[in-house]
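Visitor: The sequence and its predicted three-dimensional model are supplied below.
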Amino acid sequence: MAIGDAGGISPELAAKVIADPQANAGDLMVIGDRRLLARGAAEANVSVDIPTVGLDALGGPLPDGSFLVDLGNCDPATAPMGEASLEGGLAAVQNFRAALLAANAGHADVVFFTPFNKFAMRLGQPDYVDEIGFVDATIETTESGREFNVLDEVWNARVTSHIPLSGVAGAITEQRVFDSICLTDKTMRGAGFSAPRIAVAALNPHAGDGRNFGTEDDDILAPAVEKARARKVDVVGPIPSDTVFVRALKDEFDAVMTMYHDQGQIAMKLIGFDRGVTLIANYPFPIVTPAHGTAYDIAGKGIADLGATRNAVNLGRKLALMEPRRANRPATTGLHDLFVRALDRSVVWAAE
């Protein structure tokens, strides 16, 4: 578990996860600054009674059960609460990088993080755009992940994510839509769906209205759907996006695949803002986080709802159990070098 933005509710949520028996199954490697976690515990009025391991101790045996790796990288006194800051953003970047490197090397099965603030992270690393680009660069892969938003009622997959709306149509290809459908089917099967029912949301109003409002739905989306159906995927579409979520909530579909970020996010957050999970799939390990943000407006008040965070941790565990990697876990001696690399400030910019 990487502790997220210091200025928001992330330290509080991290402390609540550790104290919550439904979320902490005794298998957490918590990554961050012990002082920041202690502040979060005080805000939440909970105990975080887990062993702490410093960098120098990472070459030896690790404690049984959950433990904290103290990177000593974020003094709460220098990271103002309720706002984005260089200190908070830099620490979040380092914590996330450490978690990714550990998982990619086989030391962890899932990466979970409490909420980030992208503006703060860009203060720490100006080339930070979003989680997917950062993951690609950190673990040095060309197989980019895809984001899902998950509720009990419905999943939301998407073909494009953090790009300008003006670039969406040009980024949608038949192959990309097909690949997204197949990844959605595979990921949901990994989460326990025997045969997930997927609806593809149209790009244009009224699914193009017989090519009157655009040709992409007929020329790109429909062929991709047919190609996936030929592979025995239970998928239909394109379906007009102003009705597809209504139909999903009536239990016609298990997932809706949308063409761009807000096409699905608006619907999902209206359905269950405090319960939603963001999942990034298509990497050797799942990456999960609550779908809500850093909530600067309630930072320090101890009232952050744990629901989405608990759901994220539990979904990550479920996905990891489907493809366990523990049998191939390397010796813990490699953790020290990985975490030192994660802290290396030569790869990030800071306004000294």
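Guide: Good, I have the coordinates. Residues are numbered from 1 along each chain as shown.

Visitor: So for the lowest-mean-pLDDT helix or strand in the chain, what gets flagged as buried?
Guide: One helix or strand of the chain scores below all others by mean pLDDT, DSSP states H and E: helix 334-343, with a mean of 85. By 16 or more other CB atoms under 10 Å, the buried positions in helix 334-343 come out as Gly334, Leu335, Leu338, Phe339, Ala342, Leu343. (Glycine included, C-beta is placed from N, CA and C.)

Visitor: Relative to Ser161, which of those is nearest.
Guide: Nearest to Ser161, judged by CB to CB, of these is Ala342 at 24.3 Å.

Visitor: what number of residues lie near the residue lying closest to the closest one once chain neighbours are set aside?
Guide: Spatial nearest neighbour of Ala342, excluding adjacent residues (CB to CB, 6 or more residues apart in numbering): Ala98 at 3.7 Å. Ala98 sits with 26 neighbouring residues when counted by other CB atoms under 10 Å.

Visitor: repeat for Val110
Guide: When neighbours are counted by other CB under 10 Å, Val110 comes out with 23.

Visitor: Tell me the spatial nearest neighbour of Gly26, not counting adjacent residues.
Guide: Spatial nearest neighbour of Gly26, excluding adjacent residues (CB to CB, 6+ apart): Gly65 at 4.2 Å.

Visitor: Asn95 now?
Guide: Sequence neighbours aside, Ala2 is the residue nearest to Asn95 in space, at 4.0 Å (criterion: CB to CB, 6+ apart).

Visitor: Assess the claim that the one you found and Asp33 are in contact.
Guide: No - with contact defined as CB atoms under 8 Å, Ala2 does not reach Asp33; the gap is 11.4 Å.

Visitor: ok, which stretches of the stretch 101-250 of the chain are strands?
Guide: Along the stretch 101-250 of the chain, the stretches classed as strands by DSSP state E, counting those that start in this stretch are 111-112, 146-150, 155-158, 198-201, 235-239.

Visitor: right, so these: which one is the most enclosed?
Guide: Compared across the strands of the stretch 101-250 of the chain, strand 198-201 shows the largest average neighbour count, a mean of 28 (mean count of other CB atoms under 10 Å).

Visitor: average pLDDT for it?
Guide: Per-residue pLDDT over strand 198-201 has a mean of 97.

Visitor: Okay, now the sheet partners of that strand, with direction.
Guide: strand 235-239 (parallel), strand 255-258 (parallel) (DSSP bridges).

Visitor: For Val110, which of these is the nearest?
Guide: Taking the strands paired with strand 198-201 one by one with CB to CB, strand 255-258 is closest: 20.8 Å.

Visitor: Now the closest one: buried residues?
Guide: Here strand 255-258 shows Ala255, Val256, Met257, Thr258 as buried, counting by 16+ other CB under 10 Å.

Visitor: hmm, back to that, based on its surroundings, how many neighbours for the residue nearest to Asn95?
Guide: For Ala2, using other CB under 10 Å, the count is 29.

Visitor: Equivalent analysis for Leu101, please.
Guide: 21.

Visitor: So what would you say the end-to-end distance of stretch 212-221 is?
Guide: Distance between the two ends of stretch 212-221: 16 Å, counting by CA to CA, to the nearest Å.
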